[in-house]
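*Asks:* no FASTA, just this:
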C-alpha cells in the first residue's frame, strides 16, 4: 500500500515560483519566517473567507476584479508555501513531520479505532506491510489534498490504550521515513493523559498498567534515534487536522460496528 503525494504538478509549481517567491508569499499571508504548516492553513482559510465575504457583497465590477485577483494571489501564495517542505536544505528538511492522532472508543464494542493525519511528508513512501496487517490500516483518500490520512483498529481495552496506540502505530509507520529525511516527529493529541503517560518524567497515578506501552514508546525512539515531541491540543476546538483525525476514527468505528450488525 503506497502513499503518493498529491497536489500541484511539477510544471505548475515551477510556474508559481517564477511568478512569486517565498518572501512575497509570506507577506501576502502575513506569516513569520518560522511558520508551521498548521499556521499556513489557518492563515489561508482566514484570508479566503475575508476576501470571499467582501466579494459576495460587492457590486462594482472594478472592485470585484481586484478582489478576484486578491483571491488568486492568496491561493498562489498558499500553494507555494505548502510545498516548501519539498525543498531539501543540507542534510534535512525545514518542516517537522506533523502527526495528529485521535481515538474512537465505545464501551459496548469489542473493537476500538484510531485516526492518523500526517502533514509535511517530503517524498513518497510505502506503508510497512506488517503494520498494515496487524492494525488493519486503511488509507482514507477522501480527505484534504496534501495530507496522509489513515485509520486503524485494535482490541478495545480502554480509551487511554487506544489513544496511546494511535501514537505508537504512527511512529512505527513513519519512523523509517524520518530517518531518511532527518525530520522531527511532532505528535498532537487531545488526550492529556496519553501525553503524560508517554512523556512525563514520572507516570501519573494509577497508570502502572500502561508501563509497557511507555517502554515501547521509549524503545522505538532510542533504537531508531528519533526526535519525537508530543503536544496536547484542545479537542473539538476547530483545529482542522485534529477534527479530521477524530472524524476518521469515528467513521472507521461505525463502519466496523455496521459490519457486525
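*Replies:* Yep, that arrived. Note that this is a predicted model, so its numbers are computed, not measured. Numbering: from 1, shown residues only.
*Asks:* Run a quick neighbour tally on residue 61.
*Replies:* Neighbourhood size, residue 61 [other Cβ atoms under 10 Å]: 8. Quick note: C-beta positions are derived from backbone N, CA and C, even for glycine.
*Asks:* ignore the last one, residue 122
*Replies:* Applying other Cβ under 10 Å, we find 22 residues neighbouring residue 122.
*Asks:* In a strand, it, correct?
*Replies:* No - using DSSP: H, G, I helix; E, B strand; the rest coil, the secondary structure at residue 122 is coil, not a strand.
*Asks:* For it, what are phi and psi?
*Replies:* phi -80, psi -20 (degrees, to the nearest 10).
*Asks:* repeat for residue 206
*Replies:* Main-chain dihedrals, residue 206, degrees, to the nearest 10: phi 60, psi 30.
*Asks:* Would you mind listing where the stretch 101-250 of the chain has pLDDT under the threshold?
*Replies:* 142-145 (pLDDT under 70).
*Asks:* Can you show me the helices along it?
*Replies:* Ranges of helices within the stretch 101-250 of the chain are 129-135, 159-181, 192-199, 211-224, 240-260, based on DSSP state H, counting those that start in this stretch.
*Asks:* Which among those is found nearest to residue 73?
*Replies:* helix 240-260 (22.1 Å; Cβ to Cβ).
*Asks:* Which elements pack onto the closest one?
*Replies:* Packing partners of helix 240-260 (3 or more Cβ pairs under 8 Å, 6 or more residues apart in numbering; DSSP states H and E): helix 37-57, strand 97-104, strand 111-119, strand 148-155.
*Asks:* Which secondary structure elements does the second one sit against?
*Replies:* To tie it back to what came earlier, the one meant is strand 97-104. strand 111-119, helix 159-181, strand 185-189, helix 240-260.
*Asks:* Equivalent analysis for the first one, please.
*Replies:* With contacts defined as 3+ Cβ pairs under 8 Å, 6+ apart, helix 37-57 has these neighbours: helix 61-82, helix 240-260.
*Asks:* Of these, which is nearest residue 141?
*Replies:* The closest of the helices and strands packed on helix 37-57 to residue 141 is helix 240-260. By Cβ to Cβ, the value is 11.3 Å.
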